[in-house]
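**Student:** Pasted the sequence and its predicted model underneath.
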Amino acid sequence: MNIKNKNSPLPHLNNVFLSLFSIKIYIFIFIFYPKISTASEVDKSILEKFTNNISETFKHSSYNNFLFPLYMWHNRLLYDQHKTDRYNEIPLGAGFSISRETDKNVEHSLFTIAFTDSNHKIQLNTGYIWQKIWYNETLNWHISLGYTAHIIQRYEYLYIPIPIALPLGGLGYKNIILESVYFPGPYNDGNVLFVWFRYKRRD
């Protein structure tokens, strides 16, 4: 479903999402602009493709998704027990994304999601997802691998936007999908597997 379609049953939600996402993309570009301007020609080509993918998805999305965080697993091998004992691992929240899929089974998505983090504070994530999808059309299952480039905003960092890129994987049945990313980090920080549920809404 194209988000510009006036017959959309969710015009208000789409407009709110696009307004919020536009602001955060400008912040994202501002953070990375110095790196883009000094990049090599090869790097500039990659960055131009990246920004074009964002622009095309923003303008020509074909369906919406509803996102629901499910679990945040803290790697017990890299944490002291007294820390994990007090951490929240059941995030409460929700999100929304728009997506388009190419004829090469590559999905591009723009998303925003809010949820309670490990310290029971609100965390905001907004950004871009690229995924290559492999379908089993007989059984209606599919798996995907890709990455996400987004900004995170957390209470302990005064909600200052922080850019981050992470590998991403997904497993789905029809329009119901489980996706996850792993946040690396030093001992007693980061090292969290974040899992969410995505409902793909097609016309």
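**Tutor:** In hand now; what should we look at?
**Student:** what is the rounded mean pLDDT of stretch 122-140?
**Tutor:** Here the mean pLDDT over stretch 122-140 is 95, rounded to a whole number.
**Student:** and what of stretch 145-164?
**Tutor:** Taken as a whole, stretch 145-164 carries a mean pLDDT of 94.
**Student:** distance between it and the chain's centre?
**Tutor:** For stretch 145-164, the distance between its averaged C-alpha position and the chain's averaged C-alpha position is 10 Å (Cα atoms, centre = their mean, to the nearest Å).
**Student:** What lies in contact with that stretch?
**Tutor:** Residues lying outside stretch 145-164 but in contact with it, judged by Cβ atoms under 8 Å, 6 or more residues apart in numbering, are 24, 27-28, 31-32, 50, 107, 111, 117, 119, 121-132, 165-170, 181, 183. C-betas here are computed from N, CA, C, even on glycine.
**Student:** Determine how far the last residue of that stretch lies from the first.
**Tutor:** 17 Å (Cα to Cα, to the nearest Å).
**Student:** again with stretch 97-105
**Tutor:** Across its full length, stretch 97-105 reaches 18 Å between end residues, using Cα to Cα.
**Student:** Of the contacts of stretch 145-164, just the buried ones, ChimeraX syntax please.
**Tutor:** Per 16 or more other Cβ atoms under 10 Å, the buried members of these correspond to this ChimeraX selection:
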select :24,27,28,32,107,111,117,123,124,125,126,127,128,129,130,131,166,168,170,181,183
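**Student:** so of the contacts of stretch 145-164, which ones are in strands?
**Tutor:** 107, 111, 122-132, 165-170, 181, 183 (DSSP state E).
**Student:** so what's Ile177 up against?
**Tutor:** Applying Cβ under 8 Å, 6+ apart, we find Ile177 in contact with 170-171, 197-200.
**Student:** If you rank those by neighbours, which is first?
**Tutor:** The most crowded member of these, judged by other Cβ atoms under 10 Å, is Arg198 (21 neighbours).
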